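K.L.:
After the sequence you'll find the predicted model.
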Amino acid sequence: MTTDDPAAIHCDQFIAHPPATVWKALTDPELHARWWAAGDVRPVVGHRFTLDMGQWGQQPCEVLDVEPERLLRYSFASGTLDTTITWRLEPEGTGTRLFLEHSGFDLDSPLGRAALDGMGSGWPDVLRGIERVMTSADC
């Protein structure tokens, strides 16, 4: 994990599957629920959906930008954290390098600071979970 922007989380993961398969994990609600959170995520700009984050509650999101098999950006936790999650996919050899940027944390609020710290340590495990799901799923 790198932190060029103090109010953002940056991490990446090599996934031994082509971009089309990784894209499916990011945009197929059934697969998405297996590696992170249940929700009706769809790669359509303007699409609003809610991620069920268990003990952290229902988090409203809206798709902001889509470039199929290359980029997915959505607002996350609108009304509380008001952050943005950006997924970027780059082909690498026979697989994909998946980049995550989770940005916009309010470092002046206790909630924003705690979320940045907690999610900063959690995101690398989430990204590794995508690889596990891709390996076990029939994609």
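P.N.:
Yep, it's here.
K.L.:
what's the longest helix in this protein?
P.N.:
helix 110-136 (DSSP state H).
K.L.:
show me the contacts for the nearest residue to residue 130 once chain neighbours are set aside.
P.N.:
Leaving aside its chain neighbours, residue 130 sits nearest to residue 35 (4.8 Å; criterion: Cβ to Cβ, 6 or more residues apart in numbering). Placement of C-beta: from N, CA and C, glycine included. Counting by Cβ atoms under 8 Å, 6 or more residues apart in numbering, residue 35 touches 25, 126, 129-130, 132-133.
K.L.:
low-scoring stretches of the protein, by residue?
P.N.:
Along the chain, the model assigns pLDDT under 70 to residues 1-3, 137-139.
K.L.:
how many neighbours does residue 79 have?
P.N.:
Residues lying near residue 79 (other Cβ atoms under 10 Å) number 8.
K.L.:
Check whether it really touches residue 61, as I assumed.
P.N.:
No: taking contacts as Cβ atoms under 8 Å, residue 79 lies outside contact range of residue 61: 11.0 Å.
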